[in-house]
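Student: Just need the structure, nothing else, for what follows:
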Amino acid sequence: MKKIMFLIMALMLVGCKVDSPETISEEYLFETDDLGFVADIADVPTNYADANYGLVNTVGAVPVASTAGGGFSDPGINAYWLTVDNHSDDAFNYIYKKLEGLTANTTFKGTLTVKGMTPYDKNSMGIGGSPASSVFVKAGVISADPVPTTVPTGGVDYYRITTFDKGNQSNSGADLATVGTLADDQIAIEGTEYFKVNYTVEVEFTTDTDGNAYIVVGYDSGFEGVNIFGITEIKLDATEEIETDEE
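Tutor: Okay, the predicted model is just below:
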């Protein structure tokens, strides 16, 4: 009887096809290089450079132009700084990275972690809202190229997000989640005027027909002054969702 049961179990295992799932484990520390991340902005006029938006998205020390108005000093910690003087009261300032070489049309599930800092205290107030609690951090992984497009709005050309759904300010979209604000769970960085902020979100995404996907992290701001967010680390861990075929 034992031999018969063993034979049945062996036949069952032969009949089950189990593939090893594809995994993604990427960690990016923004110390001196952009690591392939590209910065962009949306929900602002296309002539924002002439409208004194003061956009400075750069890796390294905090941009002086972004901190001068607030009187903030350099924290001595490098990051991917996303800074803009948000005259539109709705700027979406973000970075993204293309992931290539994945299996095409494949669904992955996992977690995306974002670590950063801001000089604005959680109780701070400002024009139109708080520079901390009115700045909504968004993160996700998508299959569409996240470059903004030009859309006429009220007789003015604006850069808008049309290839994916990011939601609006505090509301999450179908593709990007609102993971918190710059006021959430702040931890003071000793010897500086800055505060650490950390976020983790569960992600599910499907690669495109070429096996590409895009990590997107940024903020959707309701604060009309100078927004300052330094991203120090982004980490993605995800595993392919596969089904076991039984013949």
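Student: Look up the closest residue to the most centrally placed residue in the chain, ignoring the ones flanking it.
Tutor: Centroid-nearest residue in the chain, with CA atoms, centre = their mean: Val217, separated by 1.4 Å. Using CB to CB, 6 or more residues apart in numbering and skipping residues adjacent in sequence, the residue nearest Val217 is Ala139, 4.7 Å away. For the C-beta atoms, the positions are set from N, CA and C on the backbone; glycine is no exception.
Student: Who are the contact partners of the one you found?
Tutor: By CB atoms under 8 Å, 6 or more residues apart in numbering, the contact set of Ala139 is Leu112, Val114, Leu176, Ala177, Val179, Tyr199, Val201, Val216, Val217, Gly218.
Student: thought the fourth one was touching Gly140?
Tutor: Yes: contact between Ala177 and Gly140 holds when scored by CB atoms under 8 Å: they sit 5.7 Å apart.
Student: hang on, the earlier thing: find me the pLDDT at the residue nearest to Val217, would you?
Tutor: What the model reports as pLDDT for Ala139 is 98.
Student: What residues sit buried inside the helix or strand containing it?
Tutor: Using DSSP states H and E, Ala139 falls within strand 135-142. The neighbour-count check on strand 135-142 (16 or more other CB atoms under 10 Å) flags Val135, Phe136, Val137, Lys138, Ala139, Gly140, Val141, Ile142 as buried.
Student: ok so, going back, helices or strands up against the helix or strand containing the residue nearest to the centre of the chain?
Tutor: Assigned by DSSP H and E, Val217 belongs to strand 213-221. For strand 213-221, the elements it packs on are strand 79-85, strand 92-99, strand 107-118, strand 135-142, strand 226-240, judged by 3 or more CB pairs under 8 Å, 6 or more residues apart in numbering; DSSP states H and E.
Student: thinking again about what came up before, show me what the next helix or strand after the strand holding Ala139 is packed against.
Tutor: Later in the chain than strand 135-142, the nearest helix or strand by DSSP H and E is strand 149-153. Contacts defined by 3+ CB pairs under 8 Å, 6+ apart place strand 149-153 against strand 156-160.
Student: List of residues touching the strand it packs on?
Tutor: Applying CB under 8 Å, 6+ apart, the contact partners of strand 156-160 are 41-48, 148-153.
Student: which of these count as buried?
Tutor: Among the contacts of strand 156-160, the ones that count as buried by 16+ other CB under 10 Å are Ile41, Ala42, Asp43, Val44, Pro45, Tyr48, Pro148.
Student: Among those, which ones are in strands?
Tutor: Those of the buried ones among the contacts of strand 156-160 mapping onto strands are Ile41, Ala42, Val44, Pro45, per DSSP state E.
Student: quick one: which of those is nearest Phe223?
Tutor: The closest of these to Phe223 turns out to be Val44 (CB to CB; 13.9 Å).
Student: Low-confidence regions, this protein specifically.
Tutor: Across the chain, the ranges flagged by pLDDT under 70 are 1-19, 69, 244-247.
Student: hmm, 80 instead?
Tutor: Where the chain drops to pLDDT under 80, the residues are 1-19, 65-71, 243-247.
Student: Out of the ones in strands among the buried ones among the contacts of strand 156-160, which is nearest to Phe108?
Tutor: Proximity of these to Phe108 (CB to CB) peaks at Ala42, which lies at 25.3 Å.
Student: circling back to that earlier point, nearest to Asp208, out of the ones in strands among the buried ones among the contacts of strand 156-160: which one, please.
Tutor: After measuring those against Asp208 - CB to CB - the closest member comes out as Ala42, at 20.8 Å.
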